[in-house]
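K.L.:
this one's sequence-less:
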């Protein structure tokens, strides 16, 4: 009786927890762009034309700047990740003006300090003295000059370099460009050793602020070219999500019906474990903050089919033992024991495949492999350990004692 | 009602070996001459999927597209309330905006999915996938050799590569479209195939412990017995995974149609190869070692 009680309590509590938490959990699953709409760009980074190096640090720096830029545009949760040694993937969901975002991302405002090279006409400055990455990131700010005019102050990383430039250009013009636009071309009046410079012009306060923001966002250390882009309309994403989830529900339902029809009471236990398995998987998605994509849902649904394999193996084995004339108790024991080894060996080999995919794959393949690994580990917990335990408890409690409850006909049992 | 499971699978496998070899040769020929029908994922270009709220005819759409004056004429496929427009050129940002604007004139509520691809990305993905298959084969060989023996490892790898190749061959023969999700599908099939094979091998291993197998005949009986003992499980599991994949195929989102189809095809081959290819192949390998079997059995 005590055993039966612990069985009932376990099932009830789990059912309660699942029923109570599922709606909230589902809302928290982070959906990929293919399901909620948005767009994705993969950039290939290369060093700027005028030097600079492509390093891990500069790549990460660029990714950070991109993220800032995307945030500044007011998009929700932009996702910027570096890939390999020279790629950056940018994902932005729910963009209304895609063209604008793309433009802002693609064409970074590059600030340069230039001086007149020999042979330049008056007002033309072609020798680049300082590039975007020479400036301290995010240090541009608006201040007021002595004449109470708004101006933008900027800091230069390498003070000595700036000192050298200003010394060399003493009495000459040091022009400040944003992209190819000449902002101002002040005369260098003194050697500047504090690494500070200011851009003045006839700016209103708002203009000055906007310029400071652009400069702050503009310090991209690397040049980016678009390698791949994908854009999904929000309606289309929703449609894919709905269709695929519906397909999954119908498929899962048929699997559950099949299991119960085929294995009776143990089939019900397997179905319960399968639901628990799915719930845990969603939980892992939320807790680990994985992004669910369309191939991800596919892996999800196929995983259900694979998880149920553990139950099929166990139940087939138990039936076999029963048919050979063993008692229920020893059949279940033997079935659990032998099927455990079978399932483990089969799953470990599958995990090997998935782990290699995870290590070698990129993008979709990596995500898929990760889900597969999580699924297998979870299915070992739920559809192997947990169902074995449930089954043993029921048998020990005396609730399962007839071969019929396992879907075995009396006539099939051979005398021992 | 129960059908007789105790067939001579090993005997039948002769025919299945031939069948698989013919299919493999056919696959190689098709792959060699026709290659695969690559989707835009593997071809530079842009793919525009439009979800419509009302039906638009070719006659309505064509002038709209013509007015854009793009260099290449697109190929257009109509679906139910959706249209797929593919360009063999990469659309510039302004071009895709112009395209959207034109179609929005026909249906203001149209929703777009635009993919632009640099072939290098897809090729790299495919290359990585092939590396992962080879490397995971190595991993399987090591693991299965430790847990079982090398003959099982070799036979399971053959079955695994067989399944993967069959799906590729079927896609080549029927000119089905190969996109990035296809790679994922083939990798899943490999995972499923090895899982399925190991379960049967596990039973052979178990049966080997109990009996004394002196002759090839003994081994043959043992393999047949092991297959028939695990047959229901093989069929049921194939059935459940098949159900999942099948419903994804008929009801799932448009963009995973090919994925689901590859899965369905691969599953059938996976179940088939575990029974008719992998196990008899192990027997074939074991046969060569027959004298040793005799010694071991004493």
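P.N.:
On my side now, so go ahead. Predicted, not measured: the structure shown is a model, and the values here were computed from it.

K.L.:
so which strand or helix has the residue nearest to residue A:70 when sequence neighbours are not counted?
P.N.:
Take residue A:70 and drop its neighbours on the chain: the residue closest to it by C-beta to C-beta, 6 or more residues apart in numbering or on different chains is residue A:78, 3.5 Å away. From N, CA and C alone the C-beta is placed, and that goes for glycine too. Of the helices and strands defined by DSSP states H and E, residue A:78 is found in strand A:76-83.

K.L.:
gap between that strand and the chain center?
P.N.:
Once both centres are worked out by C-alpha atoms, centre = their mean, to the nearest Å, strand A:76-83 turns out to sit 8 Å from its chain's centre.

K.L.:
domain parsing for chain A?
P.N.:
What automatic domain parsing lists as the domains of chain A is A:2-33+A:233-412, A:36-108+A:224-231, A:111-219.

K.L.:
any idea how far the last one is from the middle of the chain?
P.N.:
The one in question is domain A:111-219. Between the mean C-alpha point of domain A:111-219 and the mean C-alpha point of its chain there is a distance of 39 Å (C-alpha atoms, centre = their mean).

K.L.:
okay, and the beta partners of the residue in the stretch 51-200 of chain B that chain A sits nearest to?
P.N.:
When you check the stretch 51-200 of chain B against chain A by C-beta to the nearest C-beta, the closest residue turns out to be residue B:111, at 3.3 Å. Taking DSSP bridges, one obtains residue B:51 as the residues bridged to residue B:111.

K.L.:
residues touching the residue nearest to residue A:70, list them.
P.N.:
By C-beta atoms under 8 Å, 6 or more residues apart in numbering or on different chains, residue A:78 lies in contact with A:66-67, A:70-71, A:90-92.

K.L.:
and those, which are buried?
P.N.:
For the contacts of residue A:78, burial is judged from neighbour counts taken by 16 or more other C-beta atoms under 10 Å in any protein chain shown, and it is met by A:66-67, A:70, A:90-92.

K.L.:
okay, and which of those residues map to strands?
P.N.:
A:90-92 (DSSP state E).

K.L.:
closest to residue B:92 among the buried ones among the contacts of residue A:78?
P.N.:
Using C-beta to C-beta, residue A:90 comes nearest to residue B:92 of the buried ones among the contacts of residue A:78, at 18.3 Å.

K.L.:
same for the biggest helix by length in chain B, what does it pack against?
P.N.:
Identified as the longest helix of chain B according to DSSP state H is helix B:216-251. Contacts of helix B:216-251 with other secondary structure elements, assessed using 3 or more C-beta pairs under 8 Å, 6 or more residues apart in numbering or on different chains; DSSP states H and E, are made with helix A:234-288, helix A:294-323, helix B:9-33, helix B:180-210, helix B:257-273, helix B:279-287.

K.L.:
what's the neighbour count on residue 15?
P.N.:
No chain was given, so I picked chain A. By other C-beta atoms under 10 Å in any protein chain shown, 13 other residues sit near residue A:15.

K.L.:
please go with chain B instead
P.N.:
The criterion is other C-beta under 10 Å. On that basis, residue B:15 has 10 neighbouring residues.
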